[in-house]
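Chemist: one predicted model, sequence on top.
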There are 2 protein chains.
Amino acid sequence: MSLEGRFDVDDGVVRVGGDARQRYHDSRGYGYPLEGNEIALAPVEAAHLLYRGDLETVVNTASGDRLGFRAFIAREPGDDFGVRFLVYADLRSRGFYLSPASEPWVSDPPGGEADFAVFPRGKGPGDGEIAYALRIIGERTDIPAAELREGVLAVVDEESEITYFEVDSRDPTGTSDADASLPEGCAADLLADRVVVWEPPLGLYERTFYGQPLEGREYDEPTLQCSLLEAAYLAERGAIDLEPGTVRERGREVEGERFDRRLSVYTALRERGVVPKTGYKFGADFRTYADVESVENLGHSELLVRVHPADYVFEPRDLALDVRLAHGVRKTMVFALVADGAEGTNGIEWWSLERLTP
Amino acid sequence: MSLEGRFDVDDGVVRVGGDARQRYHDSRGYGYPLEGNEIALAPVEAAHLLYRGDLETVVNTASGDRLGFRAFIAREPGDDFGVRFLVYADLRSRGFYLSPASEPWVSDPPGGEADFAVFPRGKGPGDGEIAYALRIIGERTDIPAAELREGVLAVVDEESEITYFEVDSRDPTGTSDADASLPEGCAADLLADRVVVWEPPLGLYERTFYGQPLEGREYDEPTLQCSLLEAAYLAERGAIDLEPGTVRERGREVEGERFDRRLSVYTALRERGVVPKTGYKFGADFRTYADVESVENLGHSELLVRVHPADYVFEPRDLALDVRLAHGVRKTMVFALVADGAEGTNGIEWWSLERLTP
């Protein structure tokens, strides 16, 4: 026997009586209990029960209309009801229970912009355990960097496919030696947007992985081409005979204020024992190596790092592109968010995003 | 014995006498012949001979200075001499000969913004054959869409690594049937940014691949969710009972003028027998299927299509990201450039970019 719900526009929940508590809440994790056997359902929960045929109709208590699934979702005014319903139904079909991320559905709701609390497999709202906070957006909804939280982000594309991203804070660390063996005052020339370091000690490249040898001539100590970031870092430490200010000035000329943000992140990574090299071929700012002992025995780079200002606003399509590419080359995508006016390497937040199959 | 060149600032070439013609031009493809055995070298050619130690010095005829490699490249004022030299040296080291893309180096120079004419392997400037026109840019040099030409684009990143892209015009065509079996006036509801089509004939999804079934209920004729693009196309053809103008209006509300460009490209692809589905998971506008007979026997999608206005300006980093991702998933990246104010499907240019190893 199908039950009928009563939807009250004023408080926005659907009440169901009969044996609803046992049938929907206790055994299948829908809604929250009211007096007796009655329960209250969020519209997305009621829509799902209508969709499944478990609930026959919902009566609008104001108008007296009896609504089926089509009429019920057509009357939901929210722009994002459609995407929330799709994700709710998807996770349900994968065997997970989830509740709106607010009281009284859950007693200790996650903060931030979370839409749902997802329970561990086999658990429900009454078990007091939350696997993760879930935020849901459509592919056209921008997401400010400041709103990133640990948890899961579900993006629904224009054809209603869902991608899940696991969002984590991620402090890159490694054991690479950045500075111990730096030379002093190597001859260097500043070209338009790179620096040539003339025959520095071999270790500058071989051991600490600065620059890129100019090929085609055989030397024990190859001439290196360095990026302006590498050159600024090396000049700052006296390893090459260029004025640090001159190199930084050139960097700002060719890439504007982005250069300072990238230099902060480059420096922070080096100080954390991680070697950043250009991530250009992956469309990122850096690819990173956590444990460089020598370039000859270089392992696989682990992270792709993209640098943004802290007030950056992500477009889901760009996120999808970055995370997909990183996944395809077996690396983890990390976003380094640099606070405005941050001095040196403080004020950097690191977030990783990875694809997740729930 | 190394020779010495004479650099004349006024005409910008380096003259070399002695047996230079036989030694550098005839047997190794450098420069162009002058009177007797003398040849003229472009600065990049002279720099390469200096770099290799084949030319000992170049005398600046104005100042009388004798310049070695370091001094010679330091005096080259052009912003892009460094990147052109790197690519020139790279192709030389791969066994190719190449000349500046202008007379008198080559008699029939390629047009556009080409920097070099690259000869087929084993051929040189005297053989009257050009393999491709080569354009070289640094990773920070933007490239207007209007400047795309068939040929090869080399991008030098900040650490002096080179990526080669093969640029081709590419007209997508296929054998998929877009319209023959469309239903008439199916019931449909416009949600915030998608459309639900209620239980249309199975073929709409199964055969012509419109929409995405709502899962979780068992029906012979599943309810479909369609993107606004699919819905606009179907409404235009009377297949669903929504006003085409209403759907387009909603499309413009949620994604601005981009919606019209994408609808032009969507329609052009359908008319060419190609099925476009969302490319969101790849960060593109569409992935396309050239030969859909049924969704059950769907092959691999062949292209990723990104839509831009015709006056778009590419950043090399974004190009690298798109092409790399497409390559990683064994698809070809295609850019559809839509002329401003283009009506319908005219005025679309299609360009493919693929990674190339020379």
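Modeler: Cool, the structure landed. Predicted, not measured: the structure shown is a model, and the values here were computed from it. Numbering: from 1, shown residues only, chains lettered A, B, ... in the order given.

Chemist: got the phi/psi numbers for A:D171?
Modeler: Backbone torsions of A:D171, given as degrees, to the nearest 10, read phi -90, psi 110.

Chemist: what's the neighbour count on it?
Modeler: 10 (other C-beta atoms under 10 Å in any protein chain shown). Bear in mind the C-beta positions are built from the backbone N, C-alpha and C, glycine included.

Chemist: just the buried positions in stretch A:24-33, please.
Modeler: Neighbour-count burial for stretch A:24-33 flags A:Y24, A:H25, A:D26, A:G29, A:Y30, A:G31, A:Y32, A:P33 (criterion: 16 or more other C-beta atoms under 10 Å in any protein chain shown).

Chemist: which stretches of the stretch 251-358 of chain A form helices?
Modeler: For the stretch 251-358 of chain A, applying DSSP state H, counting those that start in this stretch gives helices covering A:258-271, A:316-328.

Chemist: so which of the ones you listed comes closest to A:F85?
Modeler: helix A:316-328 (18.1 Å; C-beta to C-beta).

Chemist: returning to what we had before: tell me which of the helices of the stretch 251-358 of chain A sits nearest to A:A188.
Modeler: Of all the helices of the stretch 251-358 of chain A, helix A:258-271 comes closest under C-beta to C-beta, at 17.1 Å.

Chemist: what packs against the closest one?
Modeler: helix A:228-236, helix A:244-255, strand A:275-278, strand A:286-289, strand A:303-309, strand A:332-338, strand A:348-356 (3 or more C-beta pairs under 8 Å, 6 or more residues apart in numbering or on different chains; DSSP states H and E).

Chemist: how distant is it from the center of its chain?
Modeler: From the chain centre to the centre of helix A:258-271 is a distance of 20 Å (C-alpha atoms, centre = their mean, to the nearest Å).

Chemist: any buried residues in it, and which?
Modeler: Buried, per 16+ other C-beta under 10 Å, within helix A:258-271: A:258-270.

Chemist: could I get these as CSV with distance to B:D285 and pLDDT?
Modeler: Below are the buried residues of helix A:258-271 laid out as CSV (distance: C-beta to C-beta, whole Å; pLDDT from 0 to 100):
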residue, distance to B:D285, pLDDT
A:R258, 26, 94
A:F259, 31, 96
A:D260, 34, 95
A:R261, 29, 95
A:R262, 29, 96
A:L263, 34, 96
A:S264, 34, 95
A:V265, 31, 97
A:Y266, 33, 97
A:T267, 38, 95
A:A268, 36, 95
A:L269, 34, 96
A:R270, 38, 95
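
Chemist: which of these sit farthest apart?
Modeler: It's A:R258 and A:R270 that sit farthest apart of those, by C-beta to C-beta, at 18.4 Å.

Chemist: spell out which parts of the stretch 151-300 of chain A neighbour chain B.
Modeler: For the stretch 151-300 of chain A, the residues in contact with chain B (C-beta under 8 Å from any C-beta of the partner chain) are A:157-161, A:163, A:189, A:191-194, A:196, A:198, A:211-212, A:214-217, A:225-230, A:254-255, A:277-278, A:280-284.

Chemist: which of those count as buried?
Modeler: Among those, those scoring as buried are A:157-161, A:163, A:189, A:191-194, A:196, A:198, A:211-212, A:214, A:225-230, A:254-255, A:277-278, A:280-284 (criterion: 16+ other C-beta under 10 Å).

Chemist: show the pLDDT at A:K123.
Modeler: In this model, A:K123 is scored at 94, pLDDT.

Chemist: please name the nearest non-neighbouring residue to it.
Modeler: Nearest residue to A:K123, sequence neighbours excluded (C-beta to C-beta, 6 or more residues apart in numbering or on different chains): A:E129, at 5.5 Å.

Chemist: tell me which element that neighbour is part of?
Modeler: Taking DSSP states H and E as the definition, A:E129 sits outside all helices and strands.

Chemist: okay if I get the helices of the stretch 251-358 of chain A as JSON lines plus distance to A:A74?
Modeler: As requested, these are exported to JSON lines (distance: least, C-beta to C-beta, whole Å):
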{"stretch": "helix A:258-271", "distance to A:A74": "46"}
{"stretch": "helix A:316-328", "distance to A:A74": "26"}
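
Chemist: where does the prediction get shaky in chain A?
Modeler: Filtered on pLDDT under 70, chain A yields the residue ranges A:1-2, A:76-79, A:178, A:216-221, A:342-344.

Chemist: could you redo the last one with a cut-off of 80?
Modeler: In the predicted model of chain A, residues A:1-2, A:9, A:75-80, A:178-180, A:215-221, A:341-346 satisfy pLDDT under 80.

Chemist: which residue, neighbours along the chain excluded, lies closest to A:D26?
Modeler: A:G126 (7.6 Å).

Chemist: helix/strand/coil for the one you found?
Modeler: For A:G126, the secondary structure call by DSSP: H, G, I helix; E, B strand; the rest coil comes out as helix.

Chemist: off-centre distance for stretch A:82-101?
Modeler: Offset of stretch A:82-101 from its chain centre (C-alpha atoms, centre = their mean): 20 Å.

Chemist: kindly check the end-to-end length of that stretch for me.
Modeler: 17 Å (C-alpha to C-alpha, to the nearest Å).

Chemist: do any residues in it lie close to chain B?
Modeler: Yes: using C-beta under 8 Å from any C-beta, we find that stretch A:82-101 touches chain B at A:G82, A:L86, A:A89, A:D90, A:R92, A:S93.

Chemist: now, which of these sits nearest chain B?
Modeler: Closest approach to chain B among these (C-beta to the nearest C-beta): A:G82, at 4.6 Å.

Chemist: hang on, that closest one in a helix?
Modeler: Yes: assessed with three-state DSSP, A:G82 lies in a helix.

Chemist: who's in contact with the closest residue to it other than its chain neighbours?
Modeler: Nearest residue to A:G82, sequence neighbours excluded (C-beta to C-beta, 6+ apart): B:L191, at 4.6 Å. Listed by C-beta atoms under 8 Å, 6 or more residues apart in numbering or on different chains, the contact partners of B:L191 are A:I73, A:F81, A:G82.

Chemist: give me that answer again for 10 Å
Modeler: Going by C-beta atoms under 10 Å, 6 or more residues apart in numbering or on different chains, B:L191 touches A:I73, A:A74, A:E76, A:D79, A:F81, A:G82, A:V83, A:F85, B:Q225, B:L228, B:R250.

Chemist: kindly report the same for A:G151.
Modeler: A:101, A:110, A:112-114, A:116-118, A:130-135, A:165-168.

Chemist: give me that answer again for 8 Å
Modeler: A:P110, A:G112, A:A114, A:Y132, A:A133, A:L134, A:R135, A:V167.

Chemist: ditto for A:R15
Modeler: Contacts of A:R15 by C-beta under 8 Å, 6+ apart are A:G5, A:R6, A:D8, A:L34, A:E38, A:I39, A:A40, A:L41.

Chemist: before we move on, the earlier item: want to throw the helices and strands packed on helix A:258-271 into JSON lines with distance to A:D318?
Modeler: Output for the helices and strands packed on helix A:258-271, formatted as JSON lines (distance: least, C-beta to C-beta, whole Å):
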{"stretch": "helix A:228-236", "distance to A:D318": "23"}
{"stretch": "helix A:244-255", "distance to A:D318": "19"}
{"stretch": "strand A:275-278", "distance to A:D318": "19"}
{"stretch": "strand A:286-289", "distance to A:D318": "17"}
{"stretch": "strand A:303-309", "distance to A:D318": "9"}
{"stretch": "strand A:332-338", "distance to A:D318": "11"}
{"stretch": "strand A:348-356", "distance to A:D318": "11"}
